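S.K.: everything below, folded, please.
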Amino acid sequence: MKQILTVAGSDSGGGAGIQADIKSIHANGGFAMSVITSVTAQNTCEVTSAFDLPIEIIEAQIDAVFSDFEVSAVKTGMLSSAEIVRVVARKLHHHSPAKIVVDPVMISKSGFQLLQESAIETIKSDLIPLATVITPNVHEAQLLSGLEIQNVKEAEVAAENIHQLGCNSVLVKGGHMEDETSIDVLFSGDKFWFFESERINTKNTHGTGCTYSAAIATQLGLGKDLVSSIEAAKDYITNAIRHSLEIGHGHGPTNHFYFL
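M.R.: Here you go, the predicted model:
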């Protein structure tokens, strides 16, 4: 079984972060391993608090995984400070996994700041150049590119801009755009691909970005090329949203095991 590592924050509500990643990885056929960077007090309504783990513990977790497992792919999520970004980037550069999916998590669905503003430049300089693909949503892509995004054409321009930071490919997710369908834009440096799905009318979308990027990482780890990996992950997240769960009193989670 292919072994996939997620480096991200913990969500006590179970819908996003490490918890969503682990479920997504297993649902897509991988074996999940985790490095926890932060612990959040969170539910479907809000994030009430967050605590970053000591750098030494983050480093030790990464080294422990790579010293024993054959890591086929890595996905990064919540890396809240410049210091955490730097140490994760340094360790990934050292261990050199074949595939790295960077999900530049910046803000929770409830509006809680999950990334310090001072860390954005460190993500640009240290982490993005290591990425097989980076998967920003519209808000994150705007912050990384400095451009306004309201439609697919503007997402294309932003993807080109972000690609100049040194990553292999950029996937700007269209879930927050206002098109009739959800269109994700992939740019590889010389070509665009578009991944379209129906826009499902539900408030239960907690953890969709985490789930999607973890699915992409797993598909890459299974040996698929990037386009095929995104196609499989897009189909998976669309169905997970379609069968989302009415849990809690806010934005409920996706259903990671909708097929069971």
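S.K.: burial count for the closest residue to residue 119 other than its chain neighbours?
M.R.: Nearest residue to residue 119 in three dimensions, chain neighbours excluded: residue 82, at 4.3 Å (Cβ to Cβ, 6 or more residues apart in numbering). Glycine gets a C-beta too; all of them are placed from N, C-alpha and C. Using other Cβ atoms under 10 Å, residue 82 has 19 neighbouring residues.
S.K.: what mean pLDDT does the longest helix along the chain have?
M.R.: Determined from DSSP state H, the single longest helix within the chain is helix 226-242. The average pLDDT for helix 226-242 rounds to 98.
S.K.: show me what the longest strand seen in the chain pairs with in its sheet, parallel or antiparallel.
M.R.: As assigned by DSSP state E, the longest strand anywhere in the chain is strand 31-42. According to DSSP bridges, strand 31-42 forms sheet pairs with strand 3-11 (parallel), strand 47-52 (antiparallel).
S.K.: could you dump these to TSV with mean neighbour count?
M.R.: TSV is the format used below for these (neighbours: other Cβ atoms under 10 Å):
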stretch	mean neighbour count
strand 3-11	27
strand 47-52	15
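S.K.: ok so, going back, now the longest strand of the chain: average pLDDT?
M.R.: On average, strand 31-42 scores 98.
S.K.: okay, it in CSV with CA atoms only?
M.R.: What follows is strand 31-42, C-alpha atoms only, in CSV (Å, rounded to 0.1, in the frame of the first residue of the first chain):
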residue,chain,number,x,y,z
PHE,A,31,-2.0,4.6,3.9
ALA,A,32,-2.0,7.9,5.8
MET,A,33,0.8,9.2,8.1
SER,A,34,0.7,12.5,9.8
VAL,A,35,2.8,15.4,11.1
ILE,A,36,0.8,17.7,13.3
THR,A,37,1.9,21.4,13.1
SER,A,38,-0.8,23.0,15.1
VAL,A,39,-3.8,22.0,17.3
THR,A,40,-7.0,24.0,16.8
ALA,A,41,-10.1,24.1,18.9
GLN,A,42,-12.7,23.9,16.2
